[in-house]
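# Give me a model of this one.
(2 chains)
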Amino acid sequence: MAHGPAKGISRWLFTTNHKDIGTLYLWFSFLMFLLGGFFAMVVRAELFQPGMQLIKPEFFNQMTTMHGLVMVFGAIMPAFVGLANWMIPMMIGAPDMALPRMNNLSFWILPFAFAILVATLFMEGGGPNFGWTFYAPLSTTYAPDTVNYFIFAVHIMGASSIMGSINIIATIMNMRAPGMTYMKMPLFVWTWLITAFLLVAVMPVLAGAVTMMLMDINFGTSFFNAAGGGDPVLFQHVFWFFGHPEVYIIILPAFGVVSQIIPTFSRKPLFGYSSMVYATAAIAFLSFVVWAHHMFTVGMPIAGELYFMYATMLIAVPTGVKVFNWITTMYRGALTFETPMLFSIAFVILFTFGGFTGLMLSVAAADIQYHDTYFVVAHFHYVMVAGAVFSGTAAVYYWLPKWCGKMYNETMGKIQFWIAFIAFNITFMPQHFLGLAGMPRRYADYGLQFADWNMVSSIGAFMYGGAQLLFLFNVVRTITHGQPVSDAKVWEGADGLEWLVATPAPYHTFIKPPVISAGVEGPEWRVDAPAPAMAFKTAPEAG
Amino acid sequence: MAVSLRDRALLGKLSLLVVAMFAFAVFVMPPLYNLFCDILGIGGKTGSAYQAVDVEVDTSRSVEVQFVAMKNETMPWDFYPRETSVSVHPGESRSVIFYAHNRTGKDMVGQAIPNLVPFNVADYFHKTECFCFNNQPLASGEEADLELVFIVDPDLPTSINTLTLSYTLFDITNRSRPTLAQAQ
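Prediction:
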């Protein structure tokens, strides 16, 4: 077996190395992030002024749909799978992922899935235009013919996610270093273990939903077709049975990242480690029993509305535990505000804000007013962009020096943060007002009374898009011209096995596992025998 | 590098979970959904053919039953109830005629799908005979009087004085199968 990476393109095509595959995932997700961002720019450009200026309404619908699909399935999810690939083996003292070949497969089918999905934009009839939630019958009876490509692409994405998460579960359950008990695992590993179980449980449900669509469209079944005794409302139940856990799939790894970064720059261990673990598990469990809060306006018995309302509100409890733990971790800590920390603090503030608007939406009676307005759009962008994307950005800045052995430009990072933070709020804060004033989502045009805030929102969106280009520039610049770092522990307050291996992380790490001291639970454990790990600083052994 | 036994075992279990969840979505959720609607009497879906039982007609109150006929999308037939509203005593059996006329130049098959409002009274509305139990083939130019016989249950909550039964007529010429309407 090779000692180091193979040369040329075959290194990337045939790699089974968790770091290579993590890198592939991260670059792919960033590419998709730019593509999905471009779609969003088209949407915001059209909404800059009332009336139709740039594109036709049909194309507008394709843009909003593709923006959602690409961002959720192409940008956010693969980004966190990439982080999991890079970090989980190093964090638990494993030499690689448990199933390296499946790891390669689960990445390499993704570009094909998105190539198929994006190709539909250039086909007759256009791409998917039914919203990222693809409700039947919009996605069946009234869908363009290209919906079959969409279904196929979703199947491939699902297969990729399922294989990726099976791999993560197998790695975490079977490959932890001796002494690395479950309650010693870093929180990023914990949140990913729970997320992976969510993925394995609900991605097949998504596959089932699109399969039923496929059958309805092509094979004459009537799952969602009222003419044959089916029911379109069934689609919404199936979709949200997948869709609600999906939003936690997106946010839980983000929780994990922030739980790694805040202790580092507070120079204190994470406050309430075990309560964090239990809160994550509680959120994951509750995510399965609240799906119909997306459907209050569909029509439900009052008992159902009350149940789904209270169950949804219950999620605020474990989420609140997490937020208070992050704040308490910072309390009386020796805080410094490097770029990853800035993004993490912004995450805590803005995610909490998005959580509160979520609570407003959970009130069944009030939701009838908010449903399908820009208030909902603002809400889920606060949790997905300021939540998942901010935390992903923080993770890249935090671990980038470990990955490539070079330090990013701190000034540029901070400039990017402040532009992103301000632009994000300029973009999405006004959408709350628009929504409360009654502007519906998913329309290419709007009444004149919404004009001012839409223009503000569009200006913010262009600024936010620009901040991402700065991010790309900073990362590329770091890789090519960054200040070399050689300390294994890049950040003085950092703790965990990944900071014991050399910087940049060697191609193979922990071929001999470290030994973790017994006894101490939580984040304050120590490594008894760091020597095997440290030995790889200079001379990696054949793997 | 061979896959270890522990990984194999875990892989097997997780794959089983994947298959089970897929099967759950496709084979369990749709019947479960219908079962829920059925048991709770929600969703506006009326039940299948009802065997009339001897009940005393409650002449002390009367319930207004309104009829709405709609055509889905491009369904070209004429389709409307002969009476748009009737007043019945709970327990009393009543017949209503819907008129359908295929004005097109081709033979077609229609299927009427019922919906009842308020959505939670489906258990109190019984159809002993209904054209919606089967599909309705009409030859080119053919017209038909379609019969519905129903009984409003005497147990209907007294707070409800008006029921609205709507039929949406779908064109199922291209997908008609004799068994299609059995579920109704």
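# What residue in chain B comes nearest to chain A?
Across chain B, no residue is closer to chain A than residue B:25, which sits at 2.7 Å (Cβ to the nearest Cβ). To be clear about C-beta, it is placed using only N, CA and C from the backbone, and glycine gets the same treatment.
# List the contacts of that residue.
Going by Cβ atoms under 8 Å, 6 or more residues apart in numbering or on different chains, residue B:25 touches A:204-205, A:207-209, A:212, A:238, A:241-242.
# just residue A:130 next, same as before
Residues in contact with residue A:130 (Cβ under 8 Å, 6+ apart) are A:61, A:65, A:138-139, A:142-143, A:147.
# Now do the SS call for it.
Under DSSP: H, G, I helix; E, B strand; the rest coil, residue A:130 falls in the coil class.
# what's the distance between it and residue A:152?
16 Å (Cβ to Cβ, to the nearest Å).
# repeat for residue B:26
In terms of Cβ to Cβ, residue B:26 sits 17 Å off from residue A:152.
# of these two, who's got more company?
With neighbours defined as other Cβ atoms under 10 Å in any protein chain shown, residue B:26 and residue A:152 compare such that residue B:26 has more, 19 against 16.
# for chain A, which spans come out with low pLDDT?
Applying pLDDT under 70 to chain A flags residues A:1-3, A:518-543.
# switch the cut-off to 80
A:1-4, A:227-229, A:299, A:517-543 (pLDDT under 80).
# And chain B, by the same measure?
In chain B (pLDDT under 80), the answer is B:1-3, B:37-56, B:73-74, B:117, B:119-120, B:122, B:174-184.
# What are the boundaries of the strands in the chain?
Picking chain A for this. For chain A, the strands defined by DSSP state E cover A:406-407, A:483-484, A:515-516, A:527-529.
# That was the other one, I meant chain B.
With strands called from DSSP E, chain B shows them at B:63-71, B:78-81, B:85-88, B:93-101, B:108-117, B:125-130, B:136-138, B:143-152, B:162-171.
# list the buried ones in stretch A:45-58?
By neighbour count on 16 or more other Cβ atoms under 10 Å in any protein chain shown, the buried set for stretch A:45-58 is A:45-49, A:55.
# Go through the chain and flag its longest helix.
Here I'm looking at chain A. In chain A, assigned by DSSP state H, the helix with the most residues is helix A:232-266.
# wrong one, chain B
Criterion DSSP H: the longest helix present in chain B is helix B:5-23.
# Are there helices or strands packed against it, and which ones?
Counting contacts by 3 or more Cβ pairs under 8 Å, 6 or more residues apart in numbering or on different chains; DSSP states H and E, helix B:5-23 packs against helix A:147-174, helix A:187-218.
# Against which helices or strands is the first one packed?
Okay, so that is helix A:147-174. Counting by 3+ Cβ pairs under 8 Å, 6+ apart, helix A:147-174 packs on helix A:77-92, helix A:100-108, helix A:110-119, helix A:187-218, helix B:5-23.
# And the helices in the stretch 351-500 of chain A, which stretches?
All helices of the stretch 351-500 of chain A, identified by DSSP state H, counting those that start in this stretch, fall at A:364-370, A:374-383, A:390-404, A:410-436, A:451-481.
# In JSON lines, list the ones you listed along with distance to chain B and mean neighbour count.
Converted to JSON lines, those look like this (distance: least, Cβ to the nearest Cβ, whole Å; neighbours: other Cβ atoms under 10 Å in any protein chain shown):
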{"stretch": "helix A:364-370", "distance to chain B": "16", "mean neighbour count": "16"}
{"stretch": "helix A:374-383", "distance to chain B": "23", "mean neighbour count": "23"}
{"stretch": "helix A:390-404", "distance to chain B": "24", "mean neighbour count": "25"}
{"stretch": "helix A:410-436", "distance to chain B": "28", "mean neighbour count": "20"}
{"stretch": "helix A:451-481", "distance to chain B": "30", "mean neighbour count": "17"}
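# Those: which one's closest to residue B:141?
helix A:364-370 (46.7 Å; Cβ to Cβ).
# just the CA coordinates of the closest one, formatted as CSV?
Extracted C-alpha coordinates of helix A:364-370, given in CSV (Å, rounded to 0.1, in the frame of the first residue of the first chain):
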residue,chain,number,x,y,z
ALA,A,364,-50.8,26.8,15.3
ALA,A,365,-53.2,29.7,15.4
ALA,A,366,-50.5,32.3,14.5
ASP,A,367,-49.0,30.1,11.8
ILE,A,368,-52.0,30.5,9.6
GLN,A,369,-51.0,34.1,9.2
TYR,A,370,-47.2,33.4,8.8
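# what residues does it touch?
So helix A:364-370 is contacted by A:293, A:296-297, A:305-306, A:308-309, A:360-361, A:376, A:435-436 (Cβ under 8 Å, 6+ apart).
# is it true that residue A:516 touches residue A:180?
Yes: Residue A:516 is within contact range of residue A:180, at 4.9 Å (criterion: Cβ atoms under 8 Å).
# Residues in contact with both of the two, list them for me.
residue A:93.
# Show me the domain layout of chain B.
B:1-40, B:63-175 (automatic domain parsing).
# What is the longest helix of chain A packed up against?
Using 3+ Cβ pairs under 8 Å, 6+ apart: helix A:232-266 touches helix A:77-92, helix A:187-218, helix A:273-286, helix A:316-330, helix A:339-362, helix A:374-383, helix A:390-404, helix B:29-40.
# just those: most buried one?
helix A:77-92 (a mean of 27; mean count of other Cβ atoms under 10 Å in any protein chain shown).
# quick one: that one near chain B?
No: judged by Cβ under 8 Å from any Cβ of the partner chain, helix A:77-92 and chain B are separated, with a smallest distance of 13.9 Å.
# how near is residue A:377 to residue A:422?
From residue A:377 across to residue A:422, the span is 19 Å (Cβ to Cβ).
# hang on, residue A:149 packs against residue A:117?
Yes: between residue A:149 and residue A:117 there is a contact at 7.0 Å, judged by Cβ under 8 Å.
# Compare those two (neighbour count), which wins?
Applying other Cβ under 10 Å to residue A:149 and residue A:117 shows that residue A:117 carries more neighbours, namely 24 against 18.
# ok, now which ones touch that one?
So residue A:117 contacts A:66, A:69-70, A:127-128, A:149-150, A:153 (Cβ under 8 Å, 6+ apart).
# Many thanks, we can stop here.
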